[in-house]
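Enquirer: Got a predicted structure plus its sequence, pasted below:
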Amino acid sequence: MDHFSTFIAVVSGVTVAYLFHSVFYTSHISFKTHTVFDSRRHLPGYVYLMTRYVYESLRKKRGQMWKNKSTNDELVFTLINCRFDAVSLRRFCSASGYGWDYPDSVFRDVPLCYPEFLFTRLLSMIVCSERFKLSPLGLLSVRETLSLTEPVDELKRGTFSLQARVLEYRTVSAGVEVDLTLTASRHKQTVWSSTLTLLSPKNKFRHEAQPDVEITHDPVSERCVSLAVPWSTGVSCAWVFCDLSPLHVFSWLRFTRPTTHPLWMFSRCMAEMEKHNGVEVVRAPLTVSVCYKQPVSFPRKFTIRVSKNTTETSSTASFSMEDHRTRALYLSGQIKQQSKEKAE
């Protein structure tokens, strides 16, 4: 019996040591010593990043910039040798309103928002870094400007790289804002890029203080879509988009109402835009401006409005998402088509 107990203790110790080395130590060394990562090799794991998320949330205060020597360094992470993954695309399309069979449909382009979905790990690494000046807890997406210079399908032609970089911090009345630039490129040529603005609020976030993207829906072309979203969708979105916030973990246990990921709102509007105005409305080259007004919790019923306004000199499309009952605005945005000459 003593020998059996000793054997169990030894096996347990070896297992714990192996798990610690593979899950934490390897991720920690890689995270601390590299800024360029190869997608074919080991990346910092989500368990390790979740631990860092909690640690950085405890040591940094919301709505204030954390200042020390390390935070003055440039913060950028690059992922190279990425390849198109049909399984990943299927998960994204299934959760974002395109349908589980979207990737298999004939003559269908890769969704406009899909590259941002690929940045999930890099964004997690950015906000969990000790060089990031803000607390990762409670970060809110407030604005986004997306530029598409080449069709997203270019990423399917071979290897490509992803880069996430902190651009600048700004102190505002509601707290501190930070601009992050996301770039997907192939052969050093930018295909897709986005500037995402996050807010670390001082106190309770007041969405009235956030500026709107000025949009006007054309009454002739406007289409309204009512969308009832159950609680289960919030859980599936948290799983698919791999959000690091512990609130999503608690929502799985029904401790709190799950909130929607901003990318889900954006991509859902783009899916309805394609359905009602055709895929040409999201073809490159273009620029999309988005304003996220406030977080949304499930279950809830939404109204998505999309419209298109084409003149001899310009082509724009507008979209918005609001509460079906109160008409409270959650998201508004506009797509502006560009000429090939201007894009170049």
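Expert: That came through fine.
Enquirer: what about the helices in the stretch 101-250 of the chain?
Expert: With DSSP state H, counting those that start in this stretch as the criterion, the stretch 101-250 of the chain has helices at 114-118, 120-127, 231-241, 246-252.
Enquirer: mean confidence score for the third one?
Expert: Put plainly, it is helix 231-241. Mean per-residue pLDDT for helix 231-241: 65.
Enquirer: cool, the shortest one as well?
Expert: pLDDT averaged over helix 114-118 equals 93, rounded to a whole number.
Enquirer: pLDDT weak spots in the protein?
Expert: Along the chain, the model assigns pLDDT under 70 to residues 1-23, 69-72, 100-108, 204-214, 231-259, 312-313, 339-344.
Enquirer: Can you give the domain ranges for it?
Expert: 1-33, 34-343 (automatic domain parsing).
Enquirer: Deepest-packed of those domains, please.
Expert: domain 34-343 (a mean of 17; mean count of other C-beta atoms under 10 Å). Any C-beta I mention is one placed from the backbone N, CA and C, and that applies to glycine too.
Enquirer: Quick check, G138 in contact with K202.
Expert: No: G138 is beyond contact range of K202, at 10.2 Å (criterion: C-beta atoms under 8 Å).
Enquirer: so what's in contact with these two at the same time?
Expert: Counting by C-beta atoms under 8 Å, 6 or more residues apart in numbering, the contacts common to G138 and K202 are R62.
Enquirer: Grab the nearest non-local neighbour of Q64.
Expert: Counting by C-beta to C-beta, 6 or more residues apart in numbering, V176 is the residue found nearest to Q64 once chain neighbours are left out, at 6.7 Å.
Enquirer: Verify the stated contact: the one you found with S200.
Expert: Yes: with contact defined as C-beta under 8 Å, V176 reaches S200; the gap is 4.9 Å.
Enquirer: Identify the contacts common to the two.
Expert: G63, Q64, L134.
Enquirer: V282: which of those is nearest?
Expert: L134 (31.7 Å; C-beta to C-beta).
Enquirer: For P285, see how far away that closest one is.
Expert: Using C-beta to C-beta, to the nearest Å, L134 is found at 33 Å from P285.
Enquirer: S124 now?
Expert: Distance, S124 to P285, using C-beta to C-beta: 30 Å.
Enquirer: Repeat that for V191.
Expert: To P285, V191 is 11 Å away according to C-beta to C-beta.
Enquirer: shared neighbours, the two?
Expert: Common neighbours of V191 and P285, using C-beta under 8 Å, 6+ apart, are L148, T149, E150.
Enquirer: Narrow those residues to those in strands?
Expert: Counting by DSSP state E, the shared contacts of V191 and P285 place L148 in strands.
Enquirer: before we move on, back to that, quick one, what contacts the residue nearest to Q64?
Expert: G63, Q64, M65, K133, L134, Y169, R170, L199, S200.
Enquirer: can you do 6 Å?
Expert: Contact analysis of V176 by C-beta atoms under 6 Å, 6 or more residues apart in numbering lists M65, L134, S200.
Enquirer: Repeat that for L43.
Expert: Counted by C-beta under 6 Å, 6+ apart, L43 has contacts F37.
Enquirer: Let me know the secondary structure of it.
Expert: Following DSSP: H, G, I helix; E, B strand; the rest coil, L43 is assigned to coil.
Enquirer: Need the contact partners of the helix or strand harbouring N81.
Expert: According to DSSP states H and E, N81 maps onto strand 76-82. Strand 76-82 is touched from outside by 35-40, 122, 125, 159-165, with contacts defined as C-beta under 6 Å, 6+ apart.
Enquirer: Just flag the most distant two among these.
Expert: Farthest apart among the contacts of strand 76-82 by C-beta to C-beta are R40 and R165. That separation is 22.3 Å.
Enquirer: Take the contacts of V176 and write them to JSON lines, including distance to H324.
Expert: JSON lines is the format used below for the contacts of V176 (distance: C-beta to C-beta, whole Å):
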{"residue": "M65", "distance to H324": "39"}
{"residue": "L134", "distance to H324": "34"}
{"residue": "S200", "distance to H324": "30"}
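Enquirer: Give me the subset of these that lies in strands.
Expert: The members of the contacts of V176 that map onto strands under DSSP E are S200.
Enquirer: now, which of the contacts of V176 sits nearest H261?
Expert: Taking these together and measuring to H261 by C-beta to C-beta, the closest member is S200, at 17.8 Å.
Enquirer: Disregarding residues adjacent in the polypeptide, which is nearest to the closest one?
Expert: Nearest one to S200, counting by C-beta to C-beta, 6+ apart, is L134 at 4.3 Å.
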